[in-house]
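1. I'd like to go over a predicted model; first the sequence, then the structure.
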Amino acid sequence: MIQKAILFCTLFLLSVSLFSQMPNLKGKTIGLYISGKQFSFSDEYYMAISQFLQAEEDRSWGENVKTEFLVRLGERLRLELQVKTEADSVYFLNSDLERGSLFQQAYRAESNSHFLQSPLFDKTDFILVINEMDLSVRYVKSMIIRSNRMIPERTMVQKAALKVSWFTPQKRASLFETRTCYDAKLSENKGPLIDIYQDESAMGSFLSRLFSAWWAQSLEGIASDCPR
């Protein structure tokens with residue numbers, strides 16, 4: 001019984017180790033997909049998202065601000081990943097009408113799996129899916145001194161929860177998943193590892209810090225940094 005228990009623990013630890021390793025991406029072809037259904041943001045972000053979009057062109061209050069936001073984010077993230085992964089190529093599925101539509105139909109958010117069967121993905125080695133992205137805020141109470149008076153103040157702190165998975169077109173289940181919980185005040189600033197237009201707007205700066213934290217976590221093989 002003891003030997004069986006040891007064997008079980010060894011196999012379990014080995015499976016966790018394999019699960020926590022990001023695949024080698026050098027020289028590969030990668031598809032990037034952001035799930036719009038699993039993207040949400042609180043009302044406090046409307047102005048920040050508007051500024052993030054206006055930094056490119058005045059289109060921030062078009063018919064679908066969420067789509068515009070995800071497209072700008074995805075296209076920039078695609079370029080950053082092209083450099084960071086040393087991939088042969090990275091393409092953005094949300095902007096690829098044919099392949100994007102096929103993947104959207106094949107992807108199952110509830111089980112985080114896909115049923116993809118198409119020759120259009122024969123030359124794609126990996127698919128990176130941003131399964132969930134939730135932008136929220138919390139408020140911190142503080143006191144400021146004005147005209148020798150102590151005045152209570154509430155300071156807004158940006159937060160984000162991110163779930164990202166790596167797939168291959170051939171395998172339905174994900175190879176590697178990460179969950180990132182980022183707090184602008186409490187989380188460590190990993191530096192500009194991923195630049196999402198960080199110098200153009202406050203939202204760009206926040207997104208850069210968020211995705212830099214995710215990238216550092218992925219490289220370290222940490223499945224989740226979220227509190228239990």
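-> Perfect, I can see it now. The shown structure was predicted, so the numbers you read here are calculated from the model rather than taken from an experiment.

2. what are the C-alpha coordinates of the longest helix along the chain, in PDB please?
-> Taking DSSP state H as the criterion, the chain has its longest helix at helix 65-85. The C-alpha trace of helix 65-85 is given here as PDB (Å, rounded to 0.1, in the frame of the first residue of the first chain):
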ATOM      1  CA  VAL A  65     -16.700  49.400 -27.700                       C
ATOM      2  CA  LYS A  66     -15.900  45.900 -26.300                       C
ATOM      3  CA  THR A  67     -15.000  44.600 -29.800                       C
ATOM      4  CA  GLU A  68     -12.900  47.700 -30.600                       C
ATOM      5  CA  PHE A  69     -11.000  47.400 -27.300                       C
ATOM      6  CA  LEU A  70     -10.300  43.600 -27.800                       C
ATOM      7  CA  VAL A  71      -9.100  44.200 -31.300                       C
ATOM      8  CA  ARG A  72      -6.600  46.900 -30.300                       C
ATOM      9  CA  LEU A  73      -5.500  44.800 -27.300                       C
ATOM     10  CA  GLY A  74      -5.200  41.600 -29.400                       C
ATOM     11  CA  GLU A  75      -3.300  43.200 -32.300                       C
ATOM     12  CA  ARG A  76      -0.800  44.700 -29.900                       C
ATOM     13  CA  LEU A  77      -0.400  41.600 -27.900                       C
ATOM     14  CA  ARG A  78       0.200  39.600 -31.100                       C
ATOM     15  CA  LEU A  79       3.100  41.900 -32.000                       C
ATOM     16  CA  GLU A  80       4.600  41.600 -28.500                       C
ATOM     17  CA  LEU A  81       4.300  37.800 -28.400                       C
ATOM     18  CA  GLN A  82       5.900  37.600 -31.800                       C
ATOM     19  CA  VAL A  83       9.100  39.100 -30.200                       C
ATOM     20  CA  LYS A  84       8.900  37.400 -26.800                       C
ATOM     21  CA  THR A  85       8.300  33.900 -28.000                       C
END
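
3. Give me the sheet partners of the helix or strand that that helix is followed by and which way each runs.
-> Next helix or strand after helix 65-85 toward the C-terminus (DSSP states H and E): strand 89-92. Sheet pairing here is set by DSSP bridges, and for strand 89-92 it gives strand 29-34 (parallel).

4. Which residues does the strand it pairs with contact?
-> Contacts of strand 29-34 with the rest of the structure, by C-beta atoms under 8 Å, 6 or more residues apart in numbering, involve 70, 73-74, 77-78, 81, 85, 87-94, 96, 99-100, 103-104, 107, 121, 123-130, 133. To be clear about C-beta, it is placed using only N, CA and C from the backbone, and glycine gets the same treatment.

5. same thing but 6 Å
-> Residues outside strand 29-34 that contact it (C-beta atoms under 6 Å, 6 or more residues apart in numbering): 70, 74, 78, 87-94, 103, 123-130.

6. Just want the angle from it to helix 65-85.
-> Relative orientation of strand 29-34 versus helix 65-85 (axes from the mean of the first three to the mean of the last three C-alpha atoms, to 10 degrees): 150 degrees.

7. That concludes my questions; thank you for your assistance.
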